[in-house]
Every structure is written in C-alpha cells, then in structure tokens.
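> only geometry, no sequence info:
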C-alpha cells in the first residue's frame, strides 16, 4: 500500500512531462504539414541531365554479370 505513495506522484509527473512535450511539438510546428512530405517523394524536383561523353557507361542492373569481351570465337 505504501508503494502507491510513490507510484501516484511518479505517474502524475510523467503525464505532466508528456503534456509539456506534446505542447512543445505542436507549438514548434511539428504537426503543421503531415501530407506534404509523403506526397513530395512521388514527384521529381527537376529533370535529369542527359549523360555527357565524359561519363562512363552505366553499370548493369544488380544481379546481372557484365558482358566480357573475348577475342576467341564462340
């Protein structure tokens, strides 16, 4: 029974801390735009640049081996 004298004030302090943290998050704008970041990932920011002649050719997709050039006939 005496443990309730400790647990009840601890619970009240934890609830008060949670309320303060929640109010800070709301006031600092953490919940202003919940949908914007989720939709912005779907759209490109700018057009990709065409490759220049100085750049190396693209590597093959993962899991595929690059073709090896050999001088021997097949």
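Looks like it arrived, so ask away. Just so you know, these numbers come straight off a predicted model, no measurement behind them.
> Going along the chain, name the helices of the protein.
Taking DSSP state H as the criterion, the chain contains helices spanning 4-27, 36-40.
> Considering those, which stretch scores lowest in mean pLDDT?
The stretch with the lowest mean pLDDT among the helices of the chain is helix 36-40, at a mean of 79.
> how close does residue 15 sit to residue 9?
11 Å (C-beta to C-beta, to the nearest Å). For every residue, glycine as well, the C-beta is placed using N, CA and C.
> ok, now residue 49?
Residue 49 is 63 Å from residue 9, by C-beta to C-beta.
> sorry, back to before: nearest to residue 54, out of the helices of the chain?
Closest approach to residue 54 among the helices of the chain is made by helix 36-40 (31.7 Å; C-beta to C-beta).
> Tell me the gap between the closest one and the middle of its chain.
Average the C-alpha atoms of helix 36-40, do the same for its chain, and the two points are 12 Å apart (C-alpha atoms, centre = their mean, to the nearest Å).
> buried set for that helix?
Neighbour counts using 16 or more other C-beta atoms under 10 Å place no residue of helix 36-40 among the buried ones.
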